[in-house]
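[1] Need the 3D shape of this:
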Amino acid sequence: MGVVTPPTDRTPKQDRSRATRRRLLEAAVACLAEHGWAGSTVSVVAERAGVSRGAAQHHFPTREDLFTAAVEYVAEERSAALRALPVQGRADVVAALVDLYTGPLFRAALQLWVAASNEAQLRPRVTELEARVGRETHRIAVELLAADETKPGVRETVQGLLDMARGLGLANVLTDDTARRRRVVAQWAALLEDALG
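    All right, here's what the predicted structure looks like:
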């Protein structure tokens, strides 16, 4: 997530509105990652974004609207980060995918998943969004790995990589698992070279 310059009075209204929306989404992601669902209210997010609660509710009428949009924003940021990779080889792709799942964007998404498991009105929105994000991440991974999914087992191998990366992200939530993670990433990169040819 980049630094967003606060709007000035000379900024056109539509641009100010977009900038405010972006600040709210970035603040929502940061709040979810740091405070979890219970500690992330619209008021807390608005304060962090430097806007009034009314301005926040103008853009996002409900808490669910705000945090669902935040996860969608997270998904777009994750996809953009993947596409922007200066990839050297498959080992770099594996490391980059794992990095995505061990950073603050994943931590924020994870908090929303937990909330959705207990909030009936949030669950369908998050489930649909995560299915779409999962398909997009898989598609990007296939491209970056130059994987030929017409070969038997290749699709499952790529999905296994993504599942492994997600698992390493979960392991990293409670403790810094960097040393073990490096070894696992190196092993997966070697396995992928063998499996994908």
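[2] C-alpha from now on. contacts and neighbour counts both.
    Noted.
[3] Show me the contact partners of stretch 171-191.
    If you take CA atoms under 8 Å, 6 or more residues apart in numbering as the criterion, stretch 171-191 is touched by Arg90, Ala91, Val94, Ala95, Val98, Thr102, Arg107, Leu161, Leu168.
[4] Assign a three-state SS to the residue nearest to the fourth one when sequence neighbours are not counted, would you?
    Right, the one you point to is Ala95. The shortest distance from Ala95 to any non-neighbouring residue, by CA to CA, 6 or more residues apart in numbering, is to Val185 (6.3 Å). Counting by DSSP: H, G, I helix; E, B strand; the rest coil, the backbone at Val185 sits in helix.
[5] Val185 - how many residues pack around it?
    For Val185, the number of neighbouring residues by other CA atoms under 10 Å comes to 22.
[6] now do Asp163
    Using other CA under 10 Å, Asp163 has 14 other residues around it.
[7] which residues sit in contact with it?
    Neighbour list for Asp163: empty [criterion: CA under 8 Å, 6+ apart].
[8] Recalculate using a threshold of 10 Å.
    Residues in contact with Asp163 (CA atoms under 10 Å, 6 or more residues apart in numbering) are Val98, Tyr101, Thr157, Gly169.
[9] okay, among the residues you listed, which ones form the most distant pair?
    Across these, the longest distance by CA to CA is 18.4 Å; it joins Thr157 and Gly169.
[10] The chain: helices as residue ranges?
    Assigned by DSSP state H, the chain shows helices spanning 13-35, 42-49, 53-59, 63-83, 90-102, 104-118, 123-145, 154-174, 178-196.
[11] With mean pLDDT added, can I get the ones you listed in a markdown table?
    Below are the helices of the chain laid out as a markdown table (pLDDT from 0 to 100):
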| stretch | mean pLDDT |
| --- | --- |
| helix 13-35 | 88 |
| helix 42-49 | 95 |
| helix 53-59 | 93 |
| helix 63-83 | 82 |
| helix 90-102 | 87 |
| helix 104-118 | 82 |
| helix 123-145 | 88 |
| helix 154-174 | 91 |
| helix 178-196 | 89 |
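[12] mind checking how far the residue lying closest to Glu193 once chain neighbours are set aside is from Asp194?
    Spatial nearest neighbour of Glu193, excluding adjacent residues (CA to CA, 6+ apart): Arg90 at 7.3 Å. With distances taken as CA to CA, to the nearest Å, Arg90 is found 11 Å from Asp194.
[13] Those two: who's more crowded?
    Higher neighbour count among Arg90 and Asp194: Arg90, with 20 against 9, using other CA under 10 Å.
[14] hang on, the earlier thing: so for Thr157 and Gly169, which sits in the more crowded spot?
    Set side by side, Thr157 and Gly169 show more neighbours around Gly169, with 23 against 17, by other CA under 10 Å.
[15] Pull the contacting residues for the more buried one.
    98-104, 106-107, 110, 163, 177, 181.
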